[in-house]
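> just coords:
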């Protein structure tokens with residue numbers, strides 16, 4: 001039997017709604033306040049939560065955020081009810097995680113029809129989650145949608161590796177995790193809509209930082225224009241503006257015809273403070289990268305091995321150019337740089353698949369010191385030091401054509417051979433798919 005939890009401080013209202021829903025085959029639970037409601041939903045996992053907006057002991061927004069912060073409640077549907085009908089309340093409810101907003105009083109048949117529809121959506125999500133956890137036999141799938149750095153570079157010279165900026169999709173343990181929202185996100189969005197149609201879609205976007213080449217695809221991401229899409233965006237606050245302001249700012253009317261606040265999709269933005277968190281059942285660790293501004297890399301621990309993503313990262317060893325007499329606490333710049341590189345290697349230790357900034361070659365890098373980007377020789381050396389199984393050279397320079405990237409790939413492979421080591425080196429290529437099942441499998445689709 002389908003279960004609904006009514007959270008409202010008006011006992012008479014709860015009884016009227018409960019009688020109506022019980023007459024239509026619903027099991028009804030009740031709570032008189034927000035905190036009590038949160039405790040009930042965590043214990044009993046109802047399909048639907050019907051929650052009043054303004055209550056003592058935790059308002060409706062508080063309840064929404066509490067539910068959405070719990071990965072085990074991902075399938076739970078939330079309806080906010082209120083005696084007032086302000087556009088700002090509706091928008092805030094959606095941003096907090098509500099699926100629907102109903103203005104009191106409402107006809108009983110409207111409520112029943114709405115809950116039946118939401119229950120069907122919740123059932124589909126729950127079935128998908130159960131199917132994902134039946135076994136780990138479904139391989140982890142990594143797909144490259146954008147591999148370029150700095151600015152898109154379309155044209156005949158970039159056909160092979162692609163000209164879109166950073167975007168990588170990971171499917172694992174029932175989750176769809178997106179790494180960065182560069183222009184490659186547009187093609188991913190189109191593919192998701194074609195695959196899932198009108199089905200509920202739950203996505204998590206991890207942002208390394210908010211430079212344009214890592215966020216410009218978001219306004220063109222088709223799922224955010226569909227109300228059945230739930231997109232959770234996770235990242236770290238910048239020095240000058242919050243993550244919300246940065247992402248909405250690029251969609252102000254001066255730059256884009258649709259405001260971020262007007263997107264029909266259910267979009268939730270969370271600024272992370274911890275460097276370890278979960279995406280559903282998938283553990284994720286972050287580490288600050290050596291790049292201007294607030295920038296991180298991620299390591300995603302899938303059932304079939306980990307995937308590390310550092311699209312923008314410069315070697316700390318550039319500090320070797322500093323004067324040896326420059327004090328840095330009790331360490332010289334050289335010692336400090338070497339310590340930072342060792343910590344990064346330890347963070348990446350044993351990674352199955354490393355996607356790493358390799359924008360320049362060894363000849364180009366000296367004239368780009370301090371730009372926040374790496375080069376092939378350093379990428380290979382770091383991967384060998386960290387005992388990585390497979391390295392993808394990433395964030396290709398917009399001035400590099402396919403021939404140049406092929407040469408950089410070949411150089412990386414020669415470095416591995418000269419070291420007598422085992423490491424597969426590839427230049428990241430749009431639409432390439434890697435499956436992690438133990439030994440990696442590569443295909444082009």
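Okay, I see it. Please read all numbers here as calculations on a predicted model, not as lab measurements.
> residue contacts, the residue nearest to residue 432 when sequence neighbours are not counted?
Nearest residue to residue 432 in three dimensions, chain neighbours excluded: residue 144, at 5.0 Å (C-beta to C-beta, 6 or more residues apart in numbering). No exception for glycine: its C-beta is placed from N, CA and C like everyone else's. Contacts here follow C-beta atoms under 8 Å, 6 or more residues apart in numbering; on that basis residue 144 touches 162, 167, 168, 184, 392, 428, 429, 430, 431, 432.
> If any of the residues you listed are buried, put those into a ChimeraX selection.
Restricted to buried positions by 16 or more other C-beta atoms under 10 Å, the ChimeraX selection for the contacts of residue 144 reads:
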select :162,167,168,184,392,428,429,430,432
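> Of the contacts of residue 144, just say which sits nearest to residue 275.
residue 168 (19.9 Å; C-beta to C-beta).
> from memory the closest one sits against residue 145, does it?
Yes: contact criterion C-beta atoms under 8 Å: residue 168 and residue 145 qualify, at 6.7 Å.
> List of residues touching the helix or strand hosting residue 412?
Using DSSP states H and E, residue 412 maps to helix 402-418. Helix 402-418 is contacted by residues 157-161, 358, 361, 376-377, 379-381, 384, 391, 393, 396, 400, 422-423, 425-427 when judged by C-beta under 8 Å, 6+ apart.
> try 10 Å this time
147-148, 156-162, 358-362, 364, 375-377, 379-381, 383-384, 391-393, 396-397, 400, 421-429 (C-beta atoms under 10 Å, 6 or more residues apart in numbering).
> From the chain's centroid, how far away is the helix or strand containing residue 231?
Using DSSP H and E, the element containing residue 231 is strand 229-235. Computed by C-alpha atoms, centre = their mean, to the nearest Å, the chain-centroid distance of strand 229-235 equals 6 Å.
> I'd like the average pLDDT over it.
The average pLDDT for strand 229-235 rounds to 93.
> That one - contacts with which helices or strands?
Counting contacts by 3 or more C-beta pairs under 10 Å, 6 or more residues apart in numbering; DSSP states H and E, strand 229-235 packs against strand 175-179, helix 184-196, strand 201-206, helix 243-249, strand 266-271, strand 276-279, strand 282-288.
> Can you tell me which of those is most buried?
Among the helices and strands packed on strand 229-235, ranked by average contacts under mean count of other C-beta atoms under 10 Å, first place goes to strand 175-179 (a mean of 24).
> My read is that residue 261 contacts residue 267, right?
Yes: using C-beta atoms under 10 Å as the test, residue 261 is close enough to residue 267 to be in contact (9.5 Å).
> residues shared between the contacts of the two?
94, 95, 248.
> returning to that earlier point: list the residues that contact both of residue 168 and residue 145?
178, 179, 180, 182, 184, 188.
> Of those residues, which is the nearest to residue 9?
residue 178 (39.4 Å).
> need the contact list for the residue lying closest to the closest one once chain neighbours are set aside.
Excluding the flanking residues, the one nearest residue 178 by C-beta to C-beta, 6+ apart is residue 205, at 4.5 Å. Shown in contact with residue 205 (C-beta under 10 Å, 6+ apart): 167, 176-181, 185, 215, 218, 221, 231-235, 247, 267, 269.
> Narrow the contacts of helix 402-418 to those that are buried.
By 16+ other C-beta under 10 Å, the contacts of helix 402-418 give 147-148, 157-158, 161-162, 358-361, 364, 375-377, 379-381, 383-384, 391-393, 396-397, 400, 423-425, 427-429 as buried.
> just so I have it, where are all the strands in the stretch 301-445 of the chain?
Ranges of strands within the stretch 301-445 of the chain are 305-310, 353-357, 390-394, 424-427, 432-436, 440-444, based on DSSP state E, counting those that start in this stretch.
> Least confident of those strands, on average?
Across the strands of the stretch 301-445 of the chain, strand 440-444 gives the lowest mean pLDDT, at a mean of 52.
> before we move on, the earlier item: want to try JSON lines for the shared contacts of residue 261 and residue 267, with distance to residue 404 and pLDDT as columns?
Shown next, in JSON lines, are the shared contacts of residue 261 and residue 267 (distance: C-beta to C-beta, whole Å; pLDDT from 0 to 100):
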{"residue": "94", "distance to residue 404": "46", "pLDDT": "85"}
{"residue": "95", "distance to residue 404": "44", "pLDDT": "82"}
{"residue": "248", "distance to residue 404": "37", "pLDDT": "92"}
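> Among these, which one lies nearest to residue 200?
residue 94 (15.0 Å).
> if we can go back for a sec, next, the angle strand 390-394 makes with the helix holding residue 412.
Inter-element angle recorded for helix 402-418 and strand 390-394: 150 degrees (by axes from the mean of the first three to the mean of the last three C-alpha atoms, to 10 degrees).
> model confidence over helix 402-418, on average?
98.
> tell me how far that helix is from the chain's mean position?
Using C-alpha atoms, centre = their mean, the offset of helix 402-418 from its chain centre is 31 Å.
> again with stretch 172-191
8 Å.
> swap in stretch 42-50?
26 Å.
> what's the domain layout of the protein?
3-132, 135-444 (automatic domain parsing).
> Which of those has the lowest mean pLDDT?
Among those, domain 3-132 scores lowest, at a mean of 88.
> Each with direction, which strands does the strand holding residue 231 pair with?
According to DSSP bridges, strand 229-235 forms sheet pairs with strand 201-206 (parallel), strand 266-271 (parallel).
> Direction-wise, compare it with strand 282-288 and give the angle.
For strand 229-235 against strand 282-288, the angle by the same axes, to 10 degrees is 40 degrees.
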